[in-house]
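> following is a predicted model, sequence given first.
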Amino acid sequence: MTPQLVREKHVKYFQRLLHIMPSSMKDFDCTRPMIAYFAFSGLDLLNSLDEIDEQSKSQAIDWIYRLQVEGAGPRSGFQTSTTVPKDVPEHQYGHLAMTYTSLVTLLILDDDLSRVDKQSIIEGVRACQNPDGSFTAMVTGCESDMRFLYCASCVSAILDNWSGVDIPRAIDYILRSISYDGGIGQGPGLESHGGSTFCAVASLFLMREHINILEILTRDRLARLKRWCLMRQDGGFNGRPGKPSDTCYSFWVGATLELLEFLNYSDAEQNKTFILKTQDTLVGGLAKFDNTRTDPLHTYLGLCGLSLLRQPGLCSINPELNISQRAYEHLQRIHKKWRSE
């Protein structure tokens, strides 16, 4: 029998997270924009944003804008923390993942993005692209792989401006990262992985106004990619062959299959059962596996995976940007306004 979603417990879990981070998460204190995104987007999927009063939403929006590094050319974007003082600008740098999560959280909170320094952020995105087409997280140098190509694509799509991305080079990086088994790795020659496969495929879908996806993902590539994704299911989904099912891959792999219009070929009931068994039914939250500690990432992505499976009590999700369809429609209205100005 499939367990039931303890919706109200998860609502309380995210509400607590917005006020205090548990000591077990001290290592993530420098990525608070991402934690805020998990909490607000999770509440949005649970259709519970209206339980947060307007003053609290306004304060959250103002806090996010405090993270913005404005008019700094290649250093522009949203930084990881507000602990860097404004009077030390040379130490302020945008981070692609924090820029993405900050922008989508603003959308979730119904902000109109009017305070976003759009042109400077695009300069920051441009400065992070490497000659091989990949992106580093920060212009100062950092990790460089498919995750940040995805973040750059999301930022470009949200700001409706792709001038900061050399699209042909980015596509070349994606194609060179396709492995022998049909999945996609973090970079050329690396093992196929559920997370990097999503990042690559979602990036191509975000670029679709500028490219022909079917020319890039040929019939053979699509067939191998779909097969690789379906082979990741073992109850839930795993991220690599030989690994156990993990809650987060119900989104990473599930969303890839959804974009490819192939999710209905997976076993939805087995996947739902796996995800729901990882719930903490007393205090809320979902875990990586059953009987392990819950955390914000797996709680949020587990709910995203359930949303893809049309779980009752959850809002529908836009898989490309990983936000609710409601927030995505808000973005579309913003784009319409920008284009008419």
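Received the coordinates, thanks. Numbers count the residues shown, from 1 in each chain.

> neighbours of Tyr180, how many?
7 (other Cβ atoms under 10 Å). Where C-beta positions appear, they are placed from N, C-alpha and C, glycine not excepted.

> begin at 3 from now on, thanks
Let's use 3 as the start, then, which means that last one is Tyr182.

> SS state for it?
Classification of Tyr182 by DSSP: H, G, I helix; E, B strand; the rest coil places it in coil.

> ranges for the strands of the stretch 153-302 of the chain?
235-236, 238-239 (DSSP state E, counting those that start in this stretch).

> who does the first one pair up with?
When sheet partners are counted by DSSP bridges, strand 235-236 sits next to strand 238-239 (antiparallel).

> contacts for the partner strand next, please.
Strand 238-239 has contacts (Cβ atoms under 8 Å, 6 or more residues apart in numbering) with 196, 247-249, 251-252, 254-256, 268, 272-273, 276-277, 307.

> same thing but 6 Å
By Cβ atoms under 6 Å, 6 or more residues apart in numbering, the list of residues contacting strand 238-239 from outside reads Ser247, Tyr251, Ser252, Val255, Asn273, Phe276.

> wait, doesn't Glu322 sit right on Ser205?
No - Glu322 is beyond contact range of Ser205, at 8.8 Å (criterion: Cβ atoms under 6 Å).

> tell me which of the two has more neighbours.
More crowded of Glu322 and Ser205, by other Cβ under 10 Å: Ser205, with 25 against 22.

> contacting residues for that one?
By Cβ under 6 Å, 6+ apart, the contact set of Ser205 is Leu151, Tyr152, Ser155.

> take those and lay them out in CSV including pLDDT.
Below are these laid out as CSV (pLDDT from 0 to 100):
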residue, pLDDT
Leu151, 98
Tyr152, 98
Ser155, 98
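
> out of those, who's nearest Ile54?
Ile54 has its nearest neighbour among the contacts of Ser205 in Tyr152, at 28.0 Å by Cβ to Cβ.

> what is the burial count for the closest one?
Tyr152 has 25 neighbouring residues, counting by other Cβ under 10 Å.

> so what's the nearest residue to it once chain neighbours are set aside up against?
Nearest residue to Tyr152, sequence neighbours excluded (Cβ to Cβ, 6 or more residues apart in numbering): Cys201, at 3.6 Å. Applying Cβ under 6 Å, 6+ apart to Cys201 gives the contacts Met148, Arg149, Tyr152.

> so which of the strands of the stretch 153-302 of the chain comes closest to Leu284?
Of all these, strand 238-239 comes closest under Cβ to Cβ, at 21.8 Å.

> pLDDT of the closest one, averaged?
Averaging pLDDT along strand 238-239 yields 98.

> need the pLDDT of the nearest residue in space to Leu311 that is not next to it in sequence.
Excluding its sequence neighbours, the residue lying closest to Leu311 (Cβ to Cβ, 6+ apart) is Ala270, at 5.0 Å. For Ala270, the model assigns a pLDDT of 97.

> for Asp147, same thing?
92.

> roughly how far does it sit from Arg328?
31 Å (Cβ to Cβ, to the nearest Å).

> now Val71
From Val71 across to Arg328, the span is 29 Å (Cβ to Cβ).

> those two: who's more crowded?
Applying other Cβ under 10 Å to Val71 and Arg328 shows that Val71 carries more neighbours, namely 23 against 18.

> for the more buried one, which non-adjacent residue is closest in space?
In space, Val71 comes closest to Gln94 once its chain neighbours are excluded; the distance is 4.6 Å by Cβ to Cβ, 6+ apart.

> can you give me the pLDDT of that neighbour?
pLDDT at Gln94 comes out at 88.

> ok, it touching Val86?
Yes - with contact defined as Cβ under 6 Å, Gln94 reaches Val86; the gap is 5.4 Å.

> mind giving me TSV with the contacts of Cys201 and columns for secondary structure?
Formatted as TSV, these follow (three-state DSSP):
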residue	secondary structure
Met148	helix
Arg149	helix
Tyr152	helix
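
> closest to Leu111 among these?
Leu111 has its nearest neighbour among the contacts of Cys201 in Tyr152, at 22.1 Å by Cβ to Cβ.

> ok now do Leu310, which residues does it touch?
Listed by Cβ under 6 Å, 6+ apart, the contact partners of Leu310 are Gly256, Glu260.

> switch to 10 Å and redo it
Neighbouring residues of Leu310 by Cβ atoms under 10 Å, 6 or more residues apart in numbering: 252-253, 256-257, 259-260, 265, 268, 270, 273, 316, 318-319, 321.

> with Val141 instead?
74-79, 95-98, 125-130.

> Leu261 now?
The neighbourhood of Leu261, defined by Cβ under 10 Å, 6+ apart, consists of Phe200, Val203, Ala204, Leu206, Phe207, Ile215, Pro321, Glu322.
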